[in-house]
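**Q** quick one, fold the following:
(chains A and B, ligands or ions: 1)
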Amino acid sequence: MTPLRIVHLYPHEMNIYGDTGNVVVLRKRLEWRDLPVEIVPVGVGDDLPSDVDLILGGGGQDAAQGEIGEDFQRRGPELRAAASDGVVILAICGAYQLLGHEFNTAAGTRIPGVGVLDVVTNGSDTRLIGNHAVDSEWGRLVGYENHSGLTTLGPAATPLARTVPGRGNDGQDSTEGCVQGNVFGTYLHGPVLAKSPRFADELLRRALERRGDAAELAPLDDALALQAAEVAAKRPR
Amino acid sequence: MLPVMTGKLALAGLRLLGRSGNALPGLVVERLFPRYLAKTLSALPHGVVVVSGTNGKTTTTKMVAAILAERFRVLTNDTGSNFVRGTIGAAVSSSTWTGRLDADVAVFELDEAHAVRFVERYKPERVLLLNVMRDQLDRFGEIDHTARLLQQVASQATVAVGLNRDDARIAAIAGTIDAEPVWYQVADDLRHLFPTDEELYGGASRAARDSDGAAAELVAWDANATTIRIGDAEQSFPLRASGAHNAQNATAAAAIASTFDLTPDEIFRGLRAVEPAFGRGQSFEIDGRDVSLHLVKNPAGFRQSLAAARVEDPARICIVINDDDADGRDVSWLWDVDFTGLADGVPVSTAGVRAADMAVRLRYDGVEAAAVDAALAPAVDRALAATAPGERLLIFSTYTAMWGLHRHLVARAKEVRA
Ligand SMILES: [Zn+2]
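**A** From the prediction side, this is the model:
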């Protein structure tokens, strides 16, 4: 079997709040099952490799999003092609926002996104920050949110999870993140996959299924991760 | 004299309320007498040393103060009041009621932002810069900002600036200062003990450096002996604060101390005498076991402690992670620490509020936790029981857990001695 090829987008610029850990989690969950995996870091100016199975993008501070902005724009056609080809994409926070149509900063600047996700983000003065646990189709997702951009979903995007009001996408409509085909966006750092093992496996299952490989993933002992998730979910915001 | 009386009255008021600390009296004086600090400090015959950097400030400040105490009366600020009003408070409380300062020299620990504010009030004679590292959840852009703050601080020094040759951002400051640069460094074969943030993300490994002309060098280090060279004088001695980073801190302290009229012997004597700062490599002997307690607060610091741990050859390691405000409520920074080096080694257990989180982190780096325990004392006792006499237990802990751990370890060490 050829290795599952995971692209890690902008490891140097977009790596805050432990998002790099998502790469570690997916790689390890494949290795534990003796499934071959290859991680390809893609930075500013690097080409996206061919035959990508999964793309991971993390959050960055505003400055970082400026540094990668142009490069990200350049990748627009490639990323749209990958998404419509069913490549599995997980985008956290800043990467989630950039995958949308646009980001309007609080100062009034419009930063165009690549339009992979049918979402629009508007900067705000309030920061949504704290421990966060939400319910998704793939079990409870547990992480830490930290963002001031408020995201509104268009008709093509479905909420990833339900939350309590005051958190999540826009702090209003009690939804968190979005799903559109095989593309997932979320505000959960932590990294989210560390304490959300079912969701991690769903990403792997979809990537394997798309290639036509046996998508039945052997169960792993996730007792510790679930214990950590339970503790985190009970911690004060 | 009036500012001192005001400050002392505030201090006395606090004591009546059953509280202590220098920050509030410092604040009162700062507000009422904005020129007090500069006026008082300029009377010090040997001036002021400002110690700043991301990691190691508390320990290094203590070391510089201990060395200078060999010859001078030293004023220093309390741990935890490393902002301008803490220095004012320290000055007030060591002044007589008539306003005379009982000191020859001051050593102040200041974090980067407060150091900038301090040098706006008073141009220090000496500045000692340690390192610039990502704090828990920063990215690289932030440390360039921090480096700029430290550069501003260094540019105000009037006599000497101690610079770490092994930190590229600190070393680059040399070209921007008026005062004399005073270098310190670690020997080439020790550099692997000080991993940088960049290496973690596959960035450039460290640049070659020019290695002559260092005022102080860490020549060798292991768990039993620290060897430092000051000019041509070299001595090997057991440093009471354990860990390679503390040996580096001692080298930094030696370098800046060498700009005073002190002999190498006096500097070494000061370093031998210095006790570790609270939880920064403090050792406890419990039932014939050596237990050392290390504060971990950011990825680079944690990685350096782990690199040193391999040399210290511990029989067990216990990692304690809390998530209160002072620890960082978001524990995702643990994913910026590489634990794979522990994978084929010593048994590791985890404790604290986020014990399970830490165990998950370890698991993904191939380390199965021997025990996962939210409660601190039972976790430590279990790790101690599993450590044979004559062996070493290392405890890494975030800030808020250290108080309870420290109390527990002190109690256990006493109970055994009694
Ligand atoms: Zn975020």
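**Q** give me the beta-bridge partners of residue B:105?
**A** Beta bridges link residue B:105 to residue B:74 when assigned by DSSP bridges.
**Q** OK, contacts around it?
**A** B:44, B:45, B:46, B:47, B:48, B:49, B:68, B:72, B:73, B:74, B:75, B:260 (Cβ atoms under 8 Å, 6 or more residues apart in numbering or on different chains). Where you see a C-beta, it was placed from the backbone N, CA and C, and this is true even at glycine.
**Q** likewise residue B:405?
**A** B:279, B:293, B:320, B:376, B:380, B:395, B:397.
**Q** redo those residues as TSV? Include distance to residue A:221.
**A** Formatted as TSV, these follow (distance: Cβ to Cβ, whole Å):
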residue	distance to residue A:221
B:279	34
B:293	32
B:320	24
B:376	26
B:380	27
B:395	27
B:397	27
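**Q** can you tell me which of those residues are in helices?
**A** Using DSSP state H, the subset of the contacts of residue B:405 located in helices is B:376, B:380.
**Q** most neighbours among the contacts of residue B:405, which one is it?
**A** Highest neighbour count within those, by other Cβ atoms under 10 Å in any protein chain shown: residue B:395, with 31 neighbours.
**Q** just give me the closest of the contacts of residue B:105 to the ion.
**A** residue B:49 (39.4 Å; Cβ to the ion).
**Q** how is that closest one assigned, secondary-structure-wise?
**A** Assigned by DSSP: H, G, I helix; E, B strand; the rest coil, the conformation of residue B:49 is strand.
**Q** my read: it touches residue B:109, true?
**A** No: taking contacts as Cβ atoms under 8 Å, residue B:49 lies outside contact range of residue B:109: 9.8 Å.
**Q** contacts with chain A among the contacts of residue B:405, please.
**A** Filtering the contacts of residue B:405 for proximity to chain A by Cβ under 8 Å from any Cβ of the partner chain leaves nothing.
**Q** for stretch B:165-177, output the C-alpha coordinates as PDB.
**A** Taking Å, rounded to 0.1, in the frame of the first residue of the first chain, the C-alpha atoms of stretch B:165-177 are listed here in PDB:
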ATOM      1  CA  ARG B 165      26.600  33.700  22.500                       C
ATOM      2  CA  ASP B 166      24.400  30.600  22.100                       C
ATOM      3  CA  ASP B 167      21.200  32.500  21.500                       C
ATOM      4  CA  ALA B 168      21.300  34.100  18.000                       C
ATOM      5  CA  ARG B 169      18.800  36.800  18.900                       C
ATOM      6  CA  ILE B 170      20.700  37.900  22.000                       C
ATOM      7  CA  ALA B 171      24.000  37.700  20.300                       C
ATOM      8  CA  ALA B 172      22.800  40.000  17.500                       C
ATOM      9  CA  ILE B 173      22.200  42.700  20.100                       C
ATOM     10  CA  ALA B 174      26.000  43.200  20.500                       C
ATOM     11  CA  GLY B 175      26.200  45.400  17.400                       C
ATOM     12  CA  THR B 176      23.600  47.800  18.700                       C
ATOM     13  CA  ILE B 177      24.900  48.900  22.100                       C
END
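**Q** now it: average pLDDT?
**A** Across stretch B:165-177, pLDDT averages out at 94.
**Q** top of the contacts of residue B:105 by number of neighbours, please.
**A** residue B:49 leads those on contacts (other Cβ under 10 Å) with 30 neighbours.
**Q** measure it to residue B:257 for me?
**A** Look at residue B:49 and residue B:257: by Cβ to Cβ, to the nearest Å, they are 9 Å apart.
**Q** so for chain A, the centremost residue is which one?
**A** residue A:91 (2.6 Å; Cα atoms, centre = their mean).
**Q** pretty sure that residue is in a strand, no?
**A** Yes: under three-state DSSP, residue A:91 falls within a strand.
**Q** isn't residue A:100 right up against residue A:119?
**A** Yes: Residue A:100 is within contact range of residue A:119, at 3.9 Å (criterion: Cβ under 8 Å).
**Q** how far does stretch B:257-266 sit from its chain's centre?
**A** 21 Å (Cα atoms, centre = their mean, to the nearest Å).
**Q** correction: the previous question concerned stretch B:91-98.
**A** The answer for stretch B:91-98 is 27 Å, by Cα atoms, centre = their mean.
**Q** mind listing what's buried in it?
**A** B:91, B:92, B:93, B:94, B:95 (16 or more other Cβ atoms under 10 Å in any protein chain shown).
**Q** just give me the closest of those to chain A.
**A** Closest approach to chain A among these (Cβ to the nearest Cβ): residue B:93, at 36.1 Å.
**Q** from residue A:92, how far out is the closest one?
**A** For residue B:93, the distance to residue A:92 - Cβ to Cβ - is 48 Å.
**Q** now do residue B:40
**A** Note on residue B:40: its distance to residue A:92, by Cβ to Cβ, is 51 Å.
**Q** higher neighbour count, the two?
**A** Neighbours of residue B:40 and residue A:92, each counted by other Cβ under 10 Å, are more numerous for residue A:92; the result is 31 against 25.
**Q** and chain A, which residues reach the ion?
**A** Contact residues (Cβ under 5 Å from the ion) of chain A with the ion: A:59, A:93, A:146, A:147.
**Q** what is the neighbour count of the second one?
**A** It stands for residue A:93. There are 27 residues near residue A:93, going by other Cβ under 10 Å.
**Q** if you drop the residues flanking it in sequence, what lies closest to it?
**A** Closest residue to residue A:93 apart from its sequence neighbours, by Cβ to Cβ, 6 or more residues apart in numbering or on different chains: residue A:59 at 3.2 Å.
**Q** let me see the contact set for the one you found.
**A** Residue A:59 neighbours (Cβ under 8 Å, 6+ apart): A:14, A:16, A:17, A:19, A:92, A:93, A:94, A:95, A:146, A:147, A:189.
**Q** buried sites along stretch A:227-237?
**A** A:227, A:228, A:229, A:231, A:232, A:235.
**Q** pretty sure the last one sits against residue B:324.
**A** No: using Cβ under 8 Å, residue A:235 and residue B:324 do not qualify as a contacting pair, with a distance of 9.8 Å.
**Q** what's the overlap in contacts for the two?
**A** residue B:353.
**Q** where does residue A:232 fall, secondary structure wise?
**A** helix A:223-234 (DSSP states H and E).
**Q** residue A:106 reaches residue A:123, doesn't it?
**A** Yes: at 3.6 Å, residue A:106 and residue A:123 qualify as touching, with contact defined as Cβ under 8 Å.
**Q** neighbour count winner among these two?
**A** In this view residue A:106 and residue A:123 are compared by other Cβ under 10 Å, and residue A:123 has more residues nearby, 18 against 11.
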